[in-house]
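Engineer: 3D, please:
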Amino acid sequence: MSSQPSMLPWDEELEEIKKEISFSHRETGTLSQEDFLRIPELVIDPLGDQIINAFFPEGEDRVNFHGFTQTLAHFRPIEDNKKSKDVNGPEPLNSRSNKLHFFDKDDKLSRDELIQVLEKVDVEQKMSI
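Structural biologist: As a prediction, this is how the structure comes out:
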């Protein structure tokens with residue numbers, strides 16, 4: 001028997017990916033805002049900036065897998081909660097109240113915020129004509 005611990009299949013796959021794409025260990029498993037900007041659908045989405053910024057807490061310039069999946073959970077449809085409801089557990093990240101708080105920390109939609117969203121949607125509609 002070998003004294004080295006065996007690698008899990010995911011560890012082996014990750015090492016192979018790192019070799020193939022020449023990423024450093026620091027770069028593996030994180031995304032930057034620039035990575036998100038390479039997604040054409042986000043670039044043209046009127047709310048794309050807000051969606052991208054949602055993945056990066058203030059002062060952070062990279063998001064790891066855990067942070068990515070936690071943020072992504074806020075975008076799941078609310079009806080998914082019925083499938084995996086745990087009455088004794090915490091409120092799901094994609095609950096209405098958590099979604100509102102996630103996207104607007106003061107839990108209120110101000111006049112300026114509403115106008116900003118409507119202007120973005122109006123610009124998008126004009127561009128599609």
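
Engineer: quick one, phi/psi of residue 63?
Structural biologist: phi -130, psi 130 (degrees, to the nearest 10).

Engineer: partner residues bridging it?
Structural biologist: residue 31 (DSSP bridges).

Engineer: and it, what does it touch?
Structural biologist: Residues in contact with residue 63 (C-beta atoms under 8 Å, 6 or more residues apart in numbering) are 30, 31, 55, 56, 71. For every residue, glycine as well, the C-beta is placed using N, CA and C.

Engineer: Would you quantify the distance from residue 32 to residue 63?
Structural biologist: According to C-beta to C-beta, to the nearest Å, residue 32 and residue 63 sit 8 Å apart.

Engineer: for residue 78, that is, sorry about that
Structural biologist: Using C-beta to C-beta, we find residue 78 at a distance of 23 Å from residue 63.

Engineer: Same check on residue 74?
Structural biologist: Going from residue 74 to residue 63 by C-beta to C-beta gives 13 Å.

Engineer: repeat for residue 54
Structural biologist: Separation of residue 54 from residue 63 (C-beta to C-beta): 10 Å.

Engineer: who touches both of the two?
Structural biologist: Common contact partners of residue 54 and residue 63 (C-beta under 8 Å, 6+ apart): residue 71.

Engineer: what residues are up against residue 52?
Structural biologist: Counted by C-beta under 8 Å, 6+ apart, residue 52 has contacts 33, 36, 37, 42.

Engineer: Apart from its chain neighbours, what residue comes closest to the second one?
Structural biologist: The shortest distance from residue 36 to any residue that is not its chain neighbour, by C-beta to C-beta, 6 or more residues apart in numbering, is 4.5 Å, and that residue is residue 52.

Engineer: Could you say which helix or strand holds the one you found?
Structural biologist: Using DSSP states H and E, residue 52 sits within helix 48-54.

Engineer: Surely residue 65 and residue 29 touch.
Structural biologist: Yes. Counting by C-beta atoms under 8 Å, residue 29 is a contact partner of residue 65 at 5.4 Å.
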